[in-house]
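J.: show me the folded form of this:
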Amino acid sequence: MVIGIVFLILLTIFYLYKNSQEPTTSPQITHKDNQTFTESPTKITDSVSHNTYRLIPSYVGYAYVYPNEPITLTFYWCYPKDFNSSTSVVVSLARFHEIYDYERLISINRSFSDYIPLSITMNFSRPNYQYNFGANAKTTLWVGETVANESSVFVDLTVQVANITPKDVPIEFGHYSSGYISFTKDKEVIVYAAEIRNPTERLVEILNVSYPRLLIIPQYNISLLKFGILNASDASQVPTTPPEDLRMVLSPHERGILVTYLYIDENVQGFYFKPKITLRIGDREMVVPGPPFSYVRITEPCNTNS
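T.: All right, here's what the predicted structure looks like:
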């Protein structure tokens, strides 16, 4: 009897001692937290899916075009796997669409943080008319005859069609900077540059380089800071800060680089810019479409792990 009582006392002491050595926080919670940040297949999948099929950027922009002059918007799509022969992608915006079948997809090189560039080309034929787009651009991933995924971004684009043709314009544009990829989350100043040539016997004066503020969503902070003609040999070799010695006049048979410095706020993901350029040639003023330019901000890489 005494032995039994002693045994029970010792067992109780051992139990109390063992409990006093255990942590006060739950080992299951600690282990679960470790899985969340380092090992959890679920959380890793969530992290991958955050970028998987992601489409960027959300464009805002303005284009002044000749009748039937095509404009192209390039989007960047995160697809983390290799394509197979049953895969195709449709890029669409309003009534326009572009189909990328398997053969076309495998010919595209991943670029800029492993995103795949997918472009859509649009054409506007009605002279002296304005088109306003406040619509989603969408990628639809097809595997065979099944829709596997749809991703979209908002596009806020104004297109104005001129009532002239290139044959009506006495000046010529040469090489130009077609785009800029940014990897910063900060506001910045970028430069649009295009070679401009005056083949005439008259002076050509640049009066304005502009995009009307016809944007559907006005909170985008994009400002035109300065424009003019730079003495440079190539449109890809221009200073990133506005120089003091920009001029506004091209002499007969002279060439130069037309530069436009733009302030882009940090809330702008993508900007399409095909400006109106107002000229005075002799005693006549005219407005002509400039070459296209696009700005795209990429701040998060595409996770290509599948």
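J.: hey, what's Ala135 bridged with?
T.: Val155 (DSSP bridges).
J.: what about it, how many residues nearby?
T.: Neighbour count for Ala135, taken as other C-beta atoms under 10 Å: 16. In this view, the C-beta of every residue, glycine as well, is placed from N, C-alpha and C.
J.: that one contacts Arg95, doesn't it?
T.: No. Applying C-beta atoms under 8 Å as the test, Ala135 and Arg95 come out as separate, 9.8 Å apart.
J.: how close does Tyr261 get to Val209?
T.: According to C-beta to C-beta, to the nearest Å, Tyr261 stands 10 Å off from Val209.
J.: residues that sit against both of those two, list them.
T.: Leu224, Phe227 (C-beta atoms under 8 Å, 6 or more residues apart in numbering).
J.: contacts for stretch 231-239?
T.: 174-177, 191, 193-195, 230, 245, 256-257, 259.
J.: again, only this time at 10 Å
T.: Residues from elsewhere that reach stretch 231-239, judged by C-beta atoms under 10 Å, 6 or more residues apart in numbering: 173-178, 191-196, 230, 243, 245-247, 254-259, 261, 291.
J.: what about it, distance to the chain center?
T.: Centroid displacement of stretch 231-239 relative to its chain, using C-alpha atoms, centre = their mean, to the nearest Å, is 24 Å.
J.: export it as CSV, just CAs?
T.: Taking Å, rounded to 0.1, in the frame of the first residue of the first chain, the C-alpha atoms of stretch 231-239 are listed here in CSV:
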residue,chain,number,x,y,z
ASN,A,231,22.2,68.5,-82.2
ALA,A,232,23.0,64.8,-81.9
SER,A,233,23.9,62.1,-84.3
ASP,A,234,21.5,59.4,-83.1
ALA,A,235,18.1,59.3,-81.3
SER,A,236,19.4,56.6,-78.9
GLN,A,237,22.2,58.9,-77.7
VAL,A,238,20.5,61.8,-76.0
PRO,A,239,21.0,63.2,-72.5
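J.: buried residues, it. List them.
T.: Ala232, Ala235, Val238 (16 or more other C-beta atoms under 10 Å).
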